[in-house]
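>>> With the sequence up front, the predicted model follows.
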Amino acid sequence: MKEVVPKERSNRQITCDQVRLIDADGTQVGIVKTSEAMKMAEKAELDLVEISPTADPPVCRIMDFSKYYYQKEKKVKEARKKQHEIQVKEIKFGPSTEEHDYNFKKNNATRFLKQHNKVKFTVKFRGRQMAHKELGYSILERLAADLAYIADVDSQPLAEKNLLMMIISPKKEIDKIISKMEPEPTPEQISAIEANEIALDAETSEEETASVSVKAKTTKVKVDTSEDAVAALKVEKQTTKKKANTKEIDPDQA
C-alpha cells in the first residue's frame with residue numbers, strides 16, 4: 001500500500017483571517033489578510049500554501065503546490081530507501097561446540113553485524129548437558145569478548161528452560177571501525193597487481209599471435225593442396241592426349 005505523505009492546507013482550505021505571507025521569490029511580505037494573499041497568489045497563477053499552521057498568525061507562502069508536493073514525496077521516498085530495517089539474526093550453539101564451528105558461526109555473526117543487524121546467540125542444552133550450563137556461559141562470554149570491537153551487549157546471558165540466550169548490537173561507528181581495519185594496498189602490492197596485469201596482457205597477445213600463425217599455416221596448406229590438384233589435372237590431361245594419339249596411328253605403319 002502506498003504511503004500517503006501529509007498535505008498542507010492550500011488556497012480555499014485556509015480559513016484564518018490573516019496570514020504571515022512569503023511571496024514566490026521568498027521575500028517576507030508581512031501580515032496580510034488571507035483574502036489579499038489569495039488574490040496575490042491567483043495573480044501570480046500559483047497557490048497559497050500554509051507551511052506553518054501552528055504559528056500566530058499562520059505562515060503561508062505563494063508557490064506551485066503540485067511541484068512542491070512532488071518534491072516532498074520524492075524526499076520522503078529517498079529517506080525511506082536510506083533507512084535500514086534492523087533484523088535480529090539468531091545463531092545457535094551447543095555447549096560442546098568445536099573450535100571450527102565456533103569460528104564459522106562467529107564469522108557469520110560478524111557479517112550480520114556489518115549489515116547493521118542485531119545478533120541473538122542461543123546455546124541449547126540436551127539431557128545431561130543441563131548440569132553443565134557453565135559451558136554455555138563460557139561460550140557467550142567468549143563471543144562477547146571476541147566481537148567487542150564492533151558490537152555491544154544488549155542483554156546479558158539469560159537462562160530460560162534448556163536455553164541460554166544473549167543479544168548483541170552493532171556499534172554506531174561500526175562502518176568507521178571496519179574501514180580502518182581494511183588498510184589500503186601498499187606500493188609493493190600495487191606494483192605486484194600491475195605486473196600481474198601486464199603479464200596477463202602479454203599472454204593474451206602471444207595467444208592472439210599464435211592464433212594468427214595457425215590460420216596462416218592453414219591457408220598455406222589449402223593453397224598447396226589446390227596447386228597439387230591443378231598439377232594432377234594437367235598430368236591426367238596429358239596422359240589422355242597420349243592415349244588418343246596412340247589410337248590414331250595406323251597399325252600397318254607401326
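Yes, it's here.
>>> And the biggest strand by length in the chain, what does it pack against?
Taking DSSP state E as the assignment, the strand of the chain that covers the most residues is strand 151-160. Secondary-structure packing of strand 151-160 (3 or more Cβ pairs under 8 Å, 6 or more residues apart in numbering; DSSP states H and E): helix 133-146, strand 163-170. C-beta coordinates here come from the backbone N, C-alpha and C atoms, glycine included.
>>> Which one, of these, ends up nearest to Asp64?
Among those, strand 163-170 comes nearest to Asp64, with 43.0 Å by Cβ to Cβ.
>>> What angle do strand 151-160 and the next helix or strand after the closest one make with each other?
Later in the chain than strand 163-170, the nearest helix or strand by DSSP states H and E is helix 174-181. Interaxial angle, helix 174-181 versus strand 151-160 (axes from the mean of the first three to the mean of the last three Cα atoms, to 10 degrees): 120 degrees.
>>> Next, the buried residues of the longest strand of the chain.
For strand 151-160, the neighbour count (16 or more other Cβ atoms under 10 Å) marks Ala151, Val153, Pro157 as buried.
>>> mind listing what it pairs with, with the direction of each?
According to DSSP bridges, strand 151-160 has the following sheet partners: strand 163-170 (antiparallel).
>>> right, so of the helices and strands packed on strand 151-160, which gets closest to Ile51?
Of all the helices and strands packed on strand 151-160, strand 163-170 comes closest under Cβ to Cβ, at 38.0 Å.
>>> can you count the residues close to Thr122?
Each residue near Thr122 was counted by other Cβ atoms under 10 Å, and the total is 16.
>>> what residues does the helix or strand where it lies touch?
Take DSSP H and E as the rule and Thr122 turns out to sit in strand 118-124. With Cβ atoms under 8 Å, 6 or more residues apart in numbering as the test, strand 118-124 has contacts from 86-95, 109, 112-113, 135-136, 139-140, 143, 151, 154, 162-170.
>>> Give me the buried subset of those.
Here, 16+ other Cβ under 10 Å leaves 93, 95, 109, 112-113, 135-136, 139-140, 143, 151, 164-170 buried among the contacts of strand 118-124.
>>> quick one, what contacts Leu163?
Applying Cβ under 8 Å, 6+ apart, we find Leu163 in contact with Thr122, Val123, Lys124, Phe125.
>>> ah, wrong one, I meant Ala151
Leu113, Val119, Ala144, Ile168, Ser169, Pro170, Lys171, Ile174.
>>> Repeat the analysis, applying 7 Å as the threshold.
By Cβ atoms under 7 Å, 6 or more residues apart in numbering, Ala151 lies in contact with Leu113, Ile168, Ser169, Pro170, Lys171.
>>> if I look at it, how far off is Lys171?
Plainly put, Ala151 is 6 Å away from Lys171 if you go by Cβ to Cβ, to the nearest Å.
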